[in-house]
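Student: any chance you could fold what I've pasted below:
(chains A and B)
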Amino acid sequence: MLLALPILLPLMTAIVLHLLPQHSRLLRVVAFAGSLAALAATVCIVVRVHNAGIQVLQVASWPAPFGITLVADLLSALMAVMASIIGVAVTASSFAGVDPRREAVGYHQLVQIVLMGVAGAFLTGDIFNLYVWFEVMLIGSFVLMSLHRTRAQLHAAFTYVGLNLLASAFLLTAIGLLYGQAGTLNLADLARAWPDRRTPGLDAALSMLFLTAFGIKAGLFPLFFWLPASYHTPPAAVGALLAGLLTKVGVYSMIRVFTLLFPGPNASVYTVLLVLSAITMVVGVIGALAQHDFRRVLSFNLVGHIGFTTVGLALWTPAALAGSMLYVLHHMLVISTLFLVSGLFLRQRRTTDLRALGGLYRSQPAVACLAMVPLFSLAGIPPLSGFLAKVAVVGPMIGAGHYVLAAVALVVSLLTVLSMARLFEEAFWKAAPIPVSSSTAPPRLGLPILAPIAFLVTLTLGLTVMAGPVSRLTMQAAEQLLDANHYVRAVLGEGVHRAAR
Amino acid sequence: MELLLAIVAGVLYASGLYLMLRRRLAQLIIGLGLLSNGSNILILSAAGVTRARPPLITAGVAADQLADPVPQSLILTAIVIGFGVLAFSLVLAHRVHQSTVSDDIDTIGPDRA
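Tutor: Residues are numbered from 1 along each chain as shown, chains lettered A, B, ... in the order given. Coordinates of the predicted model:
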């Protein structure tokens, strides 16, 4: 029952929000309570998974390959916790950052629906349900993006909708072909039966279809162009929600599906993934250097760092996969925080164009210091979590003898430092471009808009301090992932093994 | 029959993708519709086409003589989702058209806002 809660709680919250009278403070209280409850549920799941191994819920007690299965292994549980943390922060920050008109037309419900879709995608044990949760999440995010219709936002929403629907069509195609060959959709059952039936041709076609579908969602190199074209237009809270969660769902699905269906480091898809990850890192960061809008710089950095999160899967060693997972967790927190920080500029200056920003360090040094933590954490300045995550990613590359790749990753890190330093210099440090007279002084940033950022920054620092235990958890998660038998046995029962290849 | 369905699915994919590459919003949406219909037909044919055997368990008929109900339910789900998404993109396109009086994707570009 516990496993269904992260899906049911947002659904219930959304329904209740819909029935409540709109325009009321009650909406905010209920939305916030709902996201806190979901956070509590996911924390319980992590504790349970950590103590008692992989948790499985057969919905309505239908036995495994026939019914709907929810599975939480360590990866799913950790991702679900991170998603609900971001859910809490985004809900809280929208109290200050989203205009009441938007709240009255269903903003909070939509956030809850997106959170439900994300939690469902993390917890499902059925590949078709994965597709369905993707659609739930996408439709929620489509509406969130186009709730407010300026021209730029409409354009961005259309790019986003078109490309993501294309990805869904690819995913559906891959699932259809897979079902035709394997005769089952349960991920554990597929992991058991599929390696018997795969042929090289089919294997290549299916793995490329999955790679394309998840690659579009995650923002891998040749498929990422929709992302910087759309993430800089919605309000900061929506940007934080989408940037923190949606691409990571793509990365998660990639890790989940590939470790179960295409096991072994020798599958040709991993070579492709390795090269694409490296190019993604380089292109993302170089793109970021060319931008002069706070949120566009963030979007390109988001793309660049997706390369770090997929490279561990491509290397297929426990240490590398664990490093990538740590990177995913760190990156979800930090990029969401930074998108919330961009909300500060929207509030004060009504723009995130770097040329019009500046002077925040002088007027509110404490706020600037708060924003400095995620900026430098993303850059990977020691001792922040970004540094530790980068060590966890680059170390195994050197260990596995991929020196060129390690060099690429390190150069990219250096360029990220440059890009983040430029953001800090332009947005906080330099003098305000227009002399601020006392009558036109921008509004001071109050507690409602700062509290969610402070919450996430505290967690980033917490992740830094707790990096030891967390990296042990991700190591354990990686070992669970690389031997699919754990997963198969947990879902289908003891005594069932993956077929020998 | 499988061959025919495979050709139909291929033609739908090809024309859907072609239309999605065009610049007009209406064509993009029609392309999306064709693409989702193409994948429905693909699921149907990939899972094996059987003639006139409804998936209802009746006495005296072995299970392997019945049609597989799973692809049918997959397609049903995909049709419902595709319908919702298509409806949403039509509304979005309508709003774009209202605010820009054009359905060329380039004339609603972000830099002209």
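Student: next up, the contacts around A:Pro448.
Tutor: A:92, A:95-96 (C-beta atoms under 8 Å, 6 or more residues apart in numbering or on different chains). Backbone N, C-alpha and C define where each C-beta goes, glycine included.
Student: of the residues you listed, buried ones?
Tutor: Neighbour counting over the contacts of A:Pro448 (16 or more other C-beta atoms under 10 Å in any protein chain shown) leaves A:92, A:95-96 as the buried ones.
Student: list the helices and strands the helix or strand harbouring A:Met116 packs on?
Tutor: Element membership of A:Met116, judged by DSSP states H and E, is helix A:107-123. Applying 3 or more C-beta pairs under 8 Å, 6 or more residues apart in numbering or on different chains; DSSP states H and E, we find helix A:107-123 packed against helix A:5-19, helix A:25-52, strand A:69-72, helix A:74-97, helix A:127-146, helix A:236-261.
Student: ok, and for the longest one, which residues are buried?
Tutor: Meaning helix A:25-52. In helix A:25-52, counting by 16+ other C-beta under 10 Å, buried: A:27-28, A:30-32, A:34-39, A:41-42, A:44-46, A:48-49.
Student: out of those residues, who's near chain B?
Tutor: Here nothing survives when those are matched to chain B using C-beta under 8 Å from any C-beta of the partner chain.
Student: got the contact list for the strand or helix carrying A:Arg422?
Tutor: Per DSSP H and E: A:Arg422 is located in helix A:403-424. If you take C-beta under 8 Å, 6+ apart as the criterion, helix A:403-424 is touched by A:274, A:278, A:281-282, A:285-286, A:288-289, A:294, A:297, A:301, A:304-305, A:307-308, A:311, A:354, A:372, A:375-376, A:378-381, A:390, A:393-394, A:397-398.
Student: please report how far A:His109 lies from chain B.
Tutor: Heads up, residue A:109 is Gln, not His. Shown here: A:Gln109 relative to chain B, a distance of 15 Å by C-beta to the nearest C-beta, to the nearest Å.
Student: quick one: contacts for that residue?
Tutor: Contact analysis of A:Gln109 by C-beta under 8 Å, 6+ apart lists A:14, A:17-18.
Student: that older thread, turn the helices and strands packed on helix A:107-123 into JSON lines, columns for mean pLDDT.
Tutor: Shown next, in JSON lines, are the helices and strands packed on helix A:107-123 (pLDDT from 0 to 100):
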{"stretch": "helix A:5-19", "mean pLDDT": "90"}
{"stretch": "helix A:25-52", "mean pLDDT": "90"}
{"stretch": "strand A:69-72", "mean pLDDT": "90"}
{"stretch": "helix A:74-97", "mean pLDDT": "89"}
{"stretch": "helix A:127-146", "mean pLDDT": "89"}
{"stretch": "helix A:236-261", "mean pLDDT": "89"}
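Student: what's the closest of those to B:Ser36?
Tutor: Closest approach to B:Ser36 among the helices and strands packed on helix A:107-123 is made by helix A:127-146 (11.0 Å; C-beta to C-beta).
Student: against chain A, how distant is the residue nearest to the spatial centre of chain B?
Tutor: Nearest to the geometric centre of chain B sits B:Ser36, at 1.5 Å (C-alpha atoms, centre = their mean). According to C-beta to the nearest C-beta, B:Ser36 and chain A sit 6 Å apart.
Student: great, nothing more from me.
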